[in-house]
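Chemist: predicted model follows, preceded by the sequence.
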Amino acid sequence: MTLTSTPDAAPLVITERAVHGVGLITLNRPQALNALSLPMVRTLTDTLRSWQRDPGIKAVAIRGMGKSPDGFAPFGAFCAGGDIRFFHQAALAGDAALGDFFTEEYALNHLIFTYGKPYIAFMDGIVMGGGMGLSQGASLRVVTERTRMAMPETRIGLFPDVGGGHFLGRLPGHLGEYIALTGHVLKGDAAVAARLADGSVASAELPAIWQHLAETDWPDGAAAQRWVAAQFAPPTADRLPHQGEIDHFFGQPDVPAIVGALEAADSAWARDTAAELRTRSPLMLHVTLEQIRRARGMALADELRMERDLVHHCFHLREAQGSETVEGIRALAVDKDHAPRWNPQRIEDIRPDMVAPFFVSPWEPVAHPLASLGG
């Protein structure tokens with residue numbers, strides 16, 4: 001079960017059924033850091049639904065293929081998010097597949113969060129955006145010293161979707177606002193301290209853990225999950241650096257107050273954080289803060305429906321060329337000039353009437369693309 005190369009014709013998602021009933025999923029697009037395409041989302045959804053109904057499947061484990069000096073090998077990358085170049089092309093072309101992607105991805109996120117069997121996510125390497133959607137709903141979230149975890153969507157004029165409002169809004173204090181607005185990258189142990197992972201193992205141990213998980217005749221899925229959790233290293237800390245400052249500054253009532261307080265502080269960390277926020281889309285910073293704070297009081301299905309409304313507006317509230325998201329992707333991944341032309345350009349120029357339309361659904365409840373998720 002050792003994969004050492006990835007031929008061009010290999011499937012983008014490899015699914016295997018271990019002899020004793022553990023379902024194994026490998027994201028197999030390492031050249032793109034396993035960024036999700038619509039066919040990948042559909043394969044994952046079909047596989048998980050089938051295994052959920054299959055009494056012979058005791059538990060599910062998911063990992064990503066990474067790069068190695070000899071080519072490609074399991075682990076080393078999990079998932080860098082959605083395929084943002086596709087988002088850019090589809091938005092400019094008016095391709096309906098763009099809406100299909102988000103509808104089906106969010107439905108997949110809901111399936112994972114509500115999955116009826118142990119679902120173990122091995123979050124080695126890059127875990128961002130859509131990769132968080134594949135892992136945060138897991139019953140066991142495993143990181144390593146190589147993990148680089150973030151929700152960096154405000155950098156491209158988007159918001160932390162894939163259930164981001166749900167899992168970030170439930171973090172301790174105001175950590176959710178901080179991660180959502182800044183896109184701060186968490187390494188393995190920090191992800192555990194942030195309550196975005198359940199435990200850490202050394203990356204060198206992952207192949208043996210995966211092999212043992214696949215080859216052991218577990219009495220049930222819970223036993224398999226308990227064994228993986230027993231491999232965790234002792235946590236190095238139960239609190240992030242700057243947690244007190246994060247709670248103080250990111251508990252301010254709005255984005256201008258957050259940035260103003262940071263810029264007025266006598267702290268290099270605060271000033272650097274403010275400078276980072278000044279590079280993000282001012283409009284989407286305001287939308288994101290509202291999203292996280294609304295989500296705290298929402299059920300998962302309702303929060304995902306809100307996200308589907310938000311992402312529709314990100315691409316359709318303005319003409320495609322005027323979309324903050326299209327512009328952010330252009331600057332980061334298409335032209336790569338890293339100089340997005342945000343509109344408006346200043347955080348202080350955002351008015352409430354610019355933010356409010358994002359939270360008005362374009363669909364009646366019964367016609368909503370995610371109406372089937374239930375209450």
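Modeler: Perfect, thanks for sending it.

Chemist: quick check: buried residues in stretch 139-158?
Modeler: The neighbour-count check on stretch 139-158 (16 or more other C-beta atoms under 10 Å) flags 139-144, 146-158 as buried. Every residue, glycine included, has its C-beta placed from N, CA and C.

Chemist: show me where the stretch 251-375 of the chain has its helices.
Modeler: Here the stretch 251-375 of the chain has its helices, by DSSP state H, counting those that start in this stretch, at 255-264, 268-277, 282-295, 300-316, 324-329, 352-355.

Chemist: could you dump those to a markdown table with mean neighbour count?
Modeler: Output for the helices of the stretch 251-375 of the chain, formatted as a markdown table (neighbours: other C-beta atoms under 10 Å):
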| stretch | mean neighbour count |
| --- | --- |
| helix 255-264 | 18 |
| helix 268-277 | 16 |
| helix 282-295 | 24 |
| helix 300-316 | 22 |
| helix 324-329 | 24 |
| helix 352-355 | 13 |
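
Chemist: to Val185, which of those lies closest?
Modeler: Val185 sits nearest to helix 268-277 of all the helices of the stretch 251-375 of the chain, at 11.3 Å, using C-beta to C-beta.

Chemist: put the alpha carbons of the closest one into PDB.
Modeler: The C-alpha coordinates for helix 268-277 follow below in PDB (Å, rounded to 0.1, in the frame of the first residue of the first chain):
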ATOM      1  CA  ALA A 268       5.500  45.000  17.600                       C
ATOM      2  CA  TRP A 269       3.200  42.100  17.300                       C
ATOM      3  CA  ALA A 270       0.100  44.400  17.300                       C
ATOM      4  CA  ARG A 271       1.600  46.800  14.700                       C
ATOM      5  CA  ASP A 272       2.600  43.900  12.400                       C
ATOM      6  CA  THR A 273      -0.900  42.400  12.700                       C
ATOM      7  CA  ALA A 274      -2.400  45.700  11.800                       C
ATOM      8  CA  ALA A 275      -0.100  46.000   8.800                       C
ATOM      9  CA  GLU A 276      -1.100  42.500   7.700                       C
ATOM     10  CA  LEU A 277      -4.800  43.400   7.900                       C
END
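
Chemist: what packs against that helix?
Modeler: With contacts taken as 3 or more C-beta pairs under 8 Å, 6 or more residues apart in numbering; DSSP states H and E, helix 268-277 sits against helix 175-182, helix 243-249, helix 255-264.

Chemist: only the buried residues of stretch 195-203, if you could.
Modeler: Buried, per 16+ other C-beta under 10 Å, within stretch 195-203: Arg195, Leu196, Ala197, Asp198, Gly199, Ser200, Val201, Ser203.

Chemist: my error: substitute stretch 179-194 in the last question.
Modeler: Result for stretch 179-194 [16+ other C-beta under 10 Å]: buried residues 179-186, 188-194.

Chemist: redo the helices and strands packed on helix 268-277 as CSV? Include distance to Pro74 and mean pLDDT.
Modeler: CSV is the format used below for the helices and strands packed on helix 268-277 (distance: least, C-beta to C-beta, whole Å; pLDDT from 0 to 100):
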stretch, distance to Pro74, mean pLDDT
helix 175-182, 28, 98
helix 243-249, 34, 96
helix 255-264, 41, 98
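
Chemist: now those in a markdown table, with distance to Thr325?
Modeler: Listed next are the helices and strands packed on helix 268-277 as a markdown table, based on distance: least, C-beta to C-beta, whole Å:
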| stretch | distance to Thr325 |
| --- | --- |
| helix 175-182 | 16 |
| helix 243-249 | 26 |
| helix 255-264 | 18 |
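
Chemist: select, out of the ones you listed, the one closest to Gly66.
Modeler: Nearest of the helices and strands packed on helix 268-277 (C-beta to C-beta): helix 175-182, 23.8 Å.

Chemist: chain center to that closest one: distance?
Modeler: Put simply, helix 175-182 sits 13 Å off its chain's centre (C-alpha atoms, centre = their mean, to the nearest Å).

Chemist: cool, stretch 113-120 as well?
Modeler: With C-alpha atoms, centre = their mean, you get 17 Å for stretch 113-120.

Chemist: show me which residues of it are buried.
Modeler: Phe113, Tyr115, Lys117, Pro118, Tyr119, Ile120.

Chemist: out of those, list just those in helices.
Modeler: Taking DSSP state H, the ones among these that sit in helices are Phe113.

Chemist: wait, doesn't Arg271 sit right on Leu262?
Modeler: Yes: the pair Arg271 and Leu262 passes the contact test of C-beta atoms under 8 Å, sitting 6.9 Å apart.

Chemist: before we move on, back to that, list just the nearest of the buried residues of stretch 195-203 to Ala107.
Modeler: Using C-beta to C-beta, Leu196 comes nearest to Ala107 of those, at 22.1 Å.
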